[in-house]
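> here is a sequence with its predicted model. Questions after.
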Amino acid sequence: MIYKGIKRLVIYALKTGLIEADDIDYTINRLLELFQVEDYQDLEGEDILVQAELISEEDLQLEDILSSLLEYAQGAGLVEDSIVYKDLFDTRVMGIITPRPSEIIAKFKKEYAKSPREATDFYYNFSQATDYIRRYRIKKDVKWVTKTQYGDLDITINLSKPEKDPKAIAAAKHAKQSGYPKCLLCKENVGYAGRVDHPARQNHRVIPITIHGQDWGFQYSPYVYYNEHCIVFNNEHIPMKIEKATFRKLLDFVALFPHYFVGSNADLPIVGGSILSHDHFQGGNYEFAMAKAKVEFEFKIPGYEDVEAGIVAWPMSVLRIRSKEDKRLVELADHILQKWRGYSDEAADIYSETNQEPHNTITPIARMRDGSYELDLVLRNNLSTKEHPLGVFHPHAELHHIKKENIGLIEVMGLAVLPARLKDEMELLGQYILENKNPRSNEVLEKHADWLEGFLGNYSEVSSDNVNEILQEEVGKVFLQVLTHAGVYKSYRTRKAQNE
């Protein structure tokens, strides 16, 4: 088993360009060392290069190859039967066939000289080939589209990020606490072996870039939520901050990669992202529903009449500004930020601060469109009250059975990232509907009962053929409500209709 597994992995590495023919013996010996095997036998009796020519990449499923190698390692006592320990070990395996950072950076620069798109194509394919992006896990994510008056919302139930098992949780509790790397985004993660409370990164490579005269890193997310989901991070471990320089950095990035969008989470708790301790952005080669949404009300801002400005038809409060002059966009974006930081509207529960705690900030998104720079500025406020302890402009309690977590950059733009628990809960709820059982009798489903009673009567016929589709449609509608709750003002369209 071990000989065949090593051979197939070497052939995979050759076919994907991770190693060259001159690397074959070296790679085999590194793998023998890892698996504590003293010799190598080619039981098939066929030269690796010859076999590599004959076999197709479709016949080399990396998941199967790694599964075989992990089975051997477990039997040999090299790894425990635990998803966390197996992930640490198979990343170590992949690290052996992953080229050094300098080689990948040089290749990226060579491709970039041809075009930015060819450079990102190379790097994205590389990140998948090394198993840094585990494609076979991402395929397990549940995805669908819900049509709304604001466009098609993307709904996903995230299943690709494995949950820790009891062994790993216990080990992490008793393990010596480490501050290296400081977080999952730090550049020191490249090549890091990992531990039970920190993923292995031997197969991770980062591309250095310069934005606003600073050294930043460019990488892909291992849990891609959309096409070419990338992360751009400051080489220094410093907190996120939305300021004038933020807009400059975002526009510098889209100038480097005009086929990508890039945005930043807000810099305050509740309305910010999950990692506020490290300054970073997220981007990619994908057009979200918010980007497709039109400007429904145009206006001019005094002193910036040369810059296009308007309100976007979106459930959250979004200002879109646009210009061929990037410096003018930076100046106007900072002007809007400063005005919003100090803005209060008690009638709308908007307070710029309470007890000297600031509440207003912005989620900015940048892109190139038809040769012009474009910034979407989403107004955010993180005020919490006794009625809404998790946030006034946060999913309210009646929506928590579907979505309770923060609404960050990705969801602001129209892609729901819903918890893994919903997959099983929706399947079970579908069974209860078909069997006419009361979900209140089940402690897992009880939280969905009011929601179910609210929409089920709208459907004249429910069967095994459409129950899943109905539940997906209704979950999508909940996500639209989530975005509406997160908006500091009702959409212009809604307010206009009310005034008329």
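Happy to help now that I have it. This structure is a prediction, so every number in the text was calculated from the model and none was measured.
> CA only for contacts and neighbour counts going forward, please
OK.
> low pLDDT regions in the protein?
163-170, 172-174, 491-500 (pLDDT under 70).
> hmm, try it at 80
Along the chain, the model assigns pLDDT under 80 to residues 43-45, 57-58, 161-178, 273-274, 490-500.
> select the longest helix from it.
Scanning the chain for the helix with the most residues, using DSSP state H, yields helix 467-486.
> and the nearest residue to N203 once chain neighbours are set aside, how many neighbours does it have?
Sequence neighbours aside, G95 is the residue nearest to N203 in space, at 4.6 Å (criterion: CA to CA, 6 or more residues apart in numbering). When counting by other CA atoms under 10 Å, one arrives at 22 neighbours for G95.
> a helix runs through G95, doesn't it?
Yes. G95 sits within a helix when classified using DSSP: H, G, I helix; E, B strand; the rest coil.
> show me what contacts it?
G95 makes contact with T130, G191, R201, Q202, N203 under the criterion CA atoms under 8 Å, 6 or more residues apart in numbering.
> now swap in L268 and tell me
With CA under 8 Å, 6+ apart, L268 has these contacts: L276, H359, T361, N382.
> got it, and Y489?
Y489 touches M316, S317, A348, counting by CA under 8 Å, 6+ apart.
> now swap in H280 and tell me
So H280 contacts I231, V232, F233, N234, M240, S264 (CA under 8 Å, 6+ apart).
> beta partners of it?
Counting by DSSP bridges, H280 forms beta bridges with F233.
> same check on the one 4 residues further on?
Judged by DSSP bridges, the bridge partners of G284 are F261.
> can you get me a residue count around it?
G284 sits with 22 neighbouring residues when counted by other CA under 10 Å.
> next one: A13
24.
> pretty sure it is in a helix, no?
Yes. Counting by three-state DSSP, one finds A13 located in a helix.
> name the nearest residue to A266, sequence neighbours excluded.
Excluding the flanking residues, the one nearest A266 by CA to CA, 6+ apart is G272, at 4.4 Å.
> burial of the one you found, as a residue count?
23.
> which ones are touching it?
Contacts for G272 were tallied using CA under 8 Å, 6+ apart; they are N265, A266, N406, I407, G408, L409.
> go ahead and confirm the first one touches I365.
So that's N265. No. Using CA atoms under 8 Å, N265 is not in contact with I365; the gap is 9.0 Å.
> these two: which is more packed in?
Higher neighbour count among N265 and I365: N265, with 28 against 25, using other CA under 10 Å.
> list the residues that contact the more buried one.
Applying CA under 8 Å, 6+ apart, the residues near N265 are V271, G272, G273, F281, T363, P364, G408, L409.
> in strands only, show me those.
Using DSSP state E to define strands, the subset of the contacts of N265 located there is F281, T363, P364.
> for those residues, which single residue is the most surrounded?
P364 (25 neighbours).
> any idea how far V79 is from it?
44 Å (CA to CA, to the nearest Å).
> which helix or which strand is home to W144?
strand 142-148 (DSSP states H and E).
> buried set for that strand?
Buried residues in strand 142-148, counted by 16 or more other CA atoms under 10 Å: V142, T146.
> quick one: contacts of that strand?
For strand 142-148, contacts defined as CA under 8 Å, 6+ apart pick out 152-159, 423, 472-473, 476-477, 480.
> mind giving me the ChimeraX select for these, buried ones only?
Selection of buried members from the contacts of strand 142-148 for ChimeraX, criterion 16+ other CA under 10 Å:
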select :152,153,154,155,156,157,158,159,423,472,473,476,480
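> going by distance to C186, which of the contacts of strand 142-148 wins?
Taking CA to CA as the measure, N158 is the one of the contacts of strand 142-148 closest to C186, at 23.8 Å.
> pretty sure the closest one is touching D141, no?
Yes. Judged on CA under 8 Å, N158 makes contact with D141 at a distance of 5.2 Å.
> from start to finish, how long is stretch 184-197 in a straight line?
The first and final residues of stretch 184-197 sit 11 Å from each other (CA to CA).
> before we move on, back to that, from I402, how far off is the residue nearest to A266?
19 Å.
> then L185?
28 Å.
> before we move on, what about V10?
44 Å.
> quick one: which of the two has more around it?
With neighbours defined as other CA under 10 Å, V10 and I402 compare such that V10 has more, 26 against 21.
> the more buried one falls within a helix, correct?
Yes. The assignment for V10 (three-state DSSP) places it in a helix.
> pretty sure it is touching R30, no?
No. V10 lies out of contact with R30 (CA under 8 Å); the separation is 11.0 Å.
> so G273 sits against A266, correct?
Yes. G273 lies in contact with A266 (CA under 8 Å); the separation is 6.8 Å.
> need the overlap of contacts for those two.
G408, L409.
> helices of the stretch 251-400 of the chain, start to end?
Applying DSSP state H, counting those that start in this stretch to the stretch 251-400 of the chain gives helices spanning 289-292, 326-341.
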